[in-house]
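J.: Structure, please.
(chains A and B)
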There are 2 protein chains.
Amino acid sequence: MSGPGRYLEEHADQVHEAAERIRGHVRRTPVLGTDLDPELRLKPECFQVTGSFKPRGAFNAVLSLVARGSRPPGVIAVSSGNHAQAVALAASSVGIPALILIPEDANPAKVAATRALGAEVIQEGINFANREQRLREVMAERGFTLVHPFDDWDVIHGQGTAARELLQDAPDLDVIAAPVGGGGLLAGTAISAKRHRSSVKVVGVEPAAADDAYRTWKAGSIQTLPTSPSTLADGVRTTAIGRRNFEVMFAHGLVDEVVTVTEQEIADAVQVAWSRLHLALEPTGALPLAAYLAEKLPKGLMGLILSGGNANLQTVATLLKK
Amino acid sequence: MSGPGRYLEEHADQVHEAAERIRGHVRRTPVLGTDLDPELRLKPECFQVTGSFKPRGAFNAVLSLVARGSRPPGVIAVSSGNHAQAVALAASSVGIPALILIPEDANPAKVAATRALGAEVIQEGINFANREQRLREVMAERGFTLVHPFDDWDVIHGQGTAARELLQDAPDLDVIAAPVGGGGLLAGTAISAKRHRSSVKVVGVEPAAADDAYRTWKAGSIQTLPTSPSTLADGVRTTAIGRRNFEVMFAHGLVDEVVTVTEQEIADAVQVAWSRLHLALEPTGALPLAAYLAEKLPKGLMGLILSGGNANLQTVATLLKK
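T.: A predicted model of the protein is given here:
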């Protein structure tokens, strides 16, 4: 094998190694059928430890650091959401400190959950604009190693274990759809799906209000949003996908398509998830379902990676009352 | 084997036959771990077809009728809830008519769901007081066969397949808890659990506001509530358990204990299910979780049968906002 085949095979091997490495630390989530459509299979990562897929990548990154003999004095992450909890858990599981920078205006419940997992949290004076600079300052002060939320090979390979499990349990899938923010989950998904069978269509789903991946796919180069967008799907508010993610998804063409969904379609999908699928998803986790319900996915046996369930209950309660 | 051992073995064999019979019509629901407690395993029957465990018993009853060569001109059920949809689906799957009597004041969404599954629904003039009499009239007119929601051996054996699967997937459980209304699910659960290992503790959970099973257990004879009780857990508003259910659960002692939970404990459990377990349960389905959270279950590795997810969204939205 040569060219893209060799590239794919090497990355797929690393997803396989990630699966071995993180076994015992993460859960194998089930694959569910639904009453909506016999052609639909769900991979509900809301049942993953900490309530999202993120520990797959975080554990692979932290365990790989330790395995390479470069046990760092600590790890650091910038996140106000699921990645924060995942890094906190992975670090405490191997007994190294975790420091998480969380913007001052973040949801207090998520801050508390991150602290409960043993991480040190710095919030004072952190905002969206200065957080990269503060990150570099703190890294220099403490000598901690960054666990990037998506532009990191170990993270990408770890996230690819979800699609790998899905295809082990449902090998006949024609289509796999996953949310796309920075592209960690989607790049990993694409590696696992294309290694399984090159005809599996891989689709990224993002809010129309945060359509940088869609525009990146169309343009063939990384497109950046001017500011972090406002969307119900608060897990995909990144302004651009990463360099490694671009390489996998578009330079090597492992993603077939990016589709966008409206805020109304996201809200409707959360309603359907909670009322008919009995899955308490967060809006970001419902993105692939939104694309399915809006008939924006290719036809065939479809697998949806539902990325997480850490919803803001006030928001969801309001959606349910409509 | 003789005495209770022989009784148990015969019924467990029929649960095994039920599992074979209904395979392909119902789903094997997964067993989930949680971040709450490493000693907890969940059997989320909200992911069963129609959103509750009820099709296990309904399919076993309808398929058994047909297999015994007594294919009826139709089947009939009285229910405003999950049993209605289960009987409608089972009947349409084998191509016989289903007639469901639903009280006039029932939730219109559940009526619509039952009709959508192909059943004829009679609501006019049906209320809690006259429904038994109307049932007998309609059965006489049409010659349809009743599928009782709990006091029926085929239904009991079908419901027992949930605990059987749970113990296949989690064979080391020390405790199994299930909701108890009429006792179909709990009797089936007790058969499967005690056949697996006699030391598995089987616990029924019911609302304190509907404590007929608790009082029946204490008294050693069937106790009947004067009226259908008011409780968030609207799936267990039956006024008394059935004769066959009493025989299995208490006369033969296959249930170890019945515990009751308050309305506040049920509401709290729904909140925890939706926010921390990411399971959109109906209040009845959250009863075993309520008993767990209130520390009313015996110690050890615990399996909770979470019976369904067909919640009234208005009610749940109100609980989530608290």
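J.: check contacts around the nearest residue to residue A:210 once chain neighbours are set aside.
T.: In space, and not counting its chain neighbours, residue A:210 is closest to residue A:229: 4.1 Å by Cβ to Cβ, 6 or more residues apart in numbering or on different chains. Every C-beta, even on glycine, is put in place using the N, C-alpha and C of the backbone. Counting by Cβ atoms under 8 Å, 6 or more residues apart in numbering or on different chains, residue A:229 touches A:207, A:209, A:210, A:237, A:239.
J.: Out of the residues you listed, name the ones that lie in strands.
T.: Residues of those located in strands (DSSP state E): residue A:207.
J.: Buried ones among the contacts of residue A:229?
T.: Listed as buried from the contacts of residue A:229 are A:207, A:209, A:210, A:237, A:239; burial here means 16 or more other Cβ atoms under 10 Å in any protein chain shown.
J.: ok, of those, which one's closest to residue A:260?
T.: Nearest to residue A:260 out of the buried ones among the contacts of residue A:229 is residue A:207 (Cβ to Cβ; 6.6 Å).
J.: secondary structure element for the residue nearest the centre of chain A?
T.: The residue lying closest to the centre of chain A (Cα atoms, centre = their mean) is residue A:185, at 4.2 Å. Secondary structure from DSSP states H and E places residue A:185 in helix A:184-196.
J.: what does residue A:132 give?
T.: Using DSSP H and E, residue A:132 sits in helix A:131-142.
J.: Alongside chain B, which residues does chain A contribute?
T.: Counting by Cβ under 8 Å from any Cβ of the partner chain, chain A comes close to chain B at A:27, A:30, A:32-33, A:35, A:44, A:46-47, A:49-51, A:273-281, A:309, A:311, A:313-314, A:316-318, A:320-321.
J.: can you map out the helices along the stretch 101-250 of chain A?
T.: Per DSSP state H, counting those that start in this stretch, the stretch 101-250 of chain A carries helices over the ranges A:108-116, A:131-142, A:153-169, A:184-196, A:212-219, A:243-246.
J.: ok and the third one relative to helix A:184-196, angle-wise?
T.: Spelled out, it's helix A:153-169. Helix A:153-169 runs at 50 degrees relative to helix A:184-196, counting by axes from the mean of the first three to the mean of the last three Cα atoms, to 10 degrees.
J.: and helix A:153-169, what does it pack onto?
T.: Contacts defined by 3 or more Cβ pairs under 8 Å, 6 or more residues apart in numbering or on different chains; DSSP states H and E place helix A:153-169 against helix A:4-22, strand A:40-44, helix A:54-67, strand A:175-179, helix A:184-196, helix A:243-246, strand A:302-306.
J.: And the last one, by the same measure?
T.: Packed against helix A:243-246 by the contact rule (3+ Cβ pairs under 8 Å, 6+ apart) you find helix A:153-169, helix A:184-196.
J.: Same list, the ones you listed, but as a markdown table with mean pLDDT and distance to residue A:297 please.
T.: As requested, the helices and strands packed on helix A:243-246 are arranged in a markdown table below (pLDDT from 0 to 100; distance: least, Cβ to Cβ, whole Å):
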| stretch | mean pLDDT | distance to residue A:297 |
| --- | --- | --- |
| helix A:153-169 | 98 | 15 |
| helix A:184-196 | 98 | 14 |
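J.: Of these, flag the one that's most buried.
T.: Of all these, helix A:184-196 carries the top mean neighbour count, a mean of 30, counting by mean count of other Cβ atoms under 10 Å in any protein chain shown.
J.: now that one: how far from the chain's centre is it?
T.: Remark: helix A:184-196 is offset 12 Å from the chain centroid, using Cα atoms, centre = their mean, to the nearest Å.
J.: For chain B, give me its nearest residue in the stretch 151-300 of chain A.
T.: For the stretch 151-300 of chain A, the residue closest to chain B is residue A:278, as judged by Cβ to the nearest Cβ, at 3.3 Å.
J.: Quote the end-to-end distance of stretch A:217-232.
T.: 23 Å (Cα to Cα, to the nearest Å).
J.: avg pLDDT for it?
T.: What stretch A:217-232 shows for mean pLDDT is 95.
J.: Distance from the chain centre to that stretch, please.
T.: Offset of stretch A:217-232 from its chain centre (Cα atoms, centre = their mean): 16 Å.
J.: now swap in stretch A:67-76 and tell me
T.: Using Cα atoms, centre = their mean, the offset of stretch A:67-76 from its chain centre is 23 Å.
J.: Now do the buried residues in it.
T.: Result for stretch A:67-76 [16+ other Cβ under 10 Å]: buried residues A:72, A:74, A:75, A:76.
J.: The helix holding residue A:185 - contacts with which helices or strands?
T.: Contact here means 3+ Cβ pairs under 8 Å, 6+ apart; on that basis helix A:184-196 packs against helix A:4-22, helix A:54-67, helix A:153-169, strand A:175-179, strand A:201-207, helix A:243-246.
J.: count of neighbours near residue A:110?
T.: Using other Cβ atoms under 10 Å in any protein chain shown, residue A:110 is surrounded by 19 other residues.
J.: returning to what we had before: show only the entries of the residues of chain A next to chain B found in strands.
T.: residue A:44.
J.: Output the helices of the stretch 101-250 of chain A as CSV; include the columns distance to residue B:56.
T.: Formatted as CSV, those follow (distance: least, Cβ to Cβ, whole Å):
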stretch, distance to residue B:56
helix A:108-116, 36
helix A:131-142, 52
helix A:153-169, 22
helix A:184-196, 33
helix A:212-219, 43
helix A:243-246, 44
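J.: so which of these comes closest to residue B:124?
T.: Proximity to residue B:124, assessed across the helices of the stretch 101-250 of chain A by Cβ to Cβ, is greatest for helix A:153-169 (46.9 Å).
J.: Let me know the angle separating the closest one from helix A:4-22.
T.: Per the same axes, to 10 degrees, the angle that helix A:153-169 makes with helix A:4-22 is 90 degrees.
J.: related to what we said a few turns ago, just the CA coordinates for the helix holding residue A:132, please, in CSV.
T.: Extracted C-alpha coordinates of helix A:131-142, given in CSV (Å, rounded to 0.1, in the frame of the first residue of the first chain):
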residue,chain,number,x,y,z
ARG,A,131,-6.5,32.6,27.3
GLU,A,132,-3.8,31.5,24.8
GLN,A,133,-1.4,33.9,26.3
ARG,A,134,-2.2,33.0,29.9
LEU,A,135,-1.8,29.3,28.9
ARG,A,136,1.7,30.0,27.7
GLU,A,137,2.6,31.9,30.8
VAL,A,138,1.3,29.2,33.1
MET,A,139,3.0,26.4,31.1
ALA,A,140,6.3,28.3,31.3
GLU,A,141,5.9,28.8,35.1
ARG,A,142,5.0,25.2,35.9
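J.: Show me where chain A dips below the pLDDT cut-off.
T.: Within chain A, the stretches with pLDDT under 70 are A:1-4, A:322.
J.: my hunch is that residue A:258 is in a strand, does that hold up?
T.: Yes: the assignment for residue A:258 by DSSP: H, G, I helix; E, B strand; the rest coil puts it in a strand.
J.: Tell me how many other residues surround the residue in the stretch 101-250 of chain A that chain B sits nearest to.
T.: Distance from chain B to each residue of the stretch 101-250 of chain A (Cβ to the nearest Cβ) is smallest for residue A:109, at 9.2 Å. Each residue near residue A:109 was counted by other Cβ under 10 Å, and the total is 12.
J.: and it, how far is that from residue A:311?
T.: Distance of residue A:109 to residue A:311, computed by Cβ to Cβ, to the nearest Å: 11 Å.
J.: Next: residue A:255.
T.: Distance of residue A:255 to residue A:311, given as Cβ to Cβ: 26 Å.
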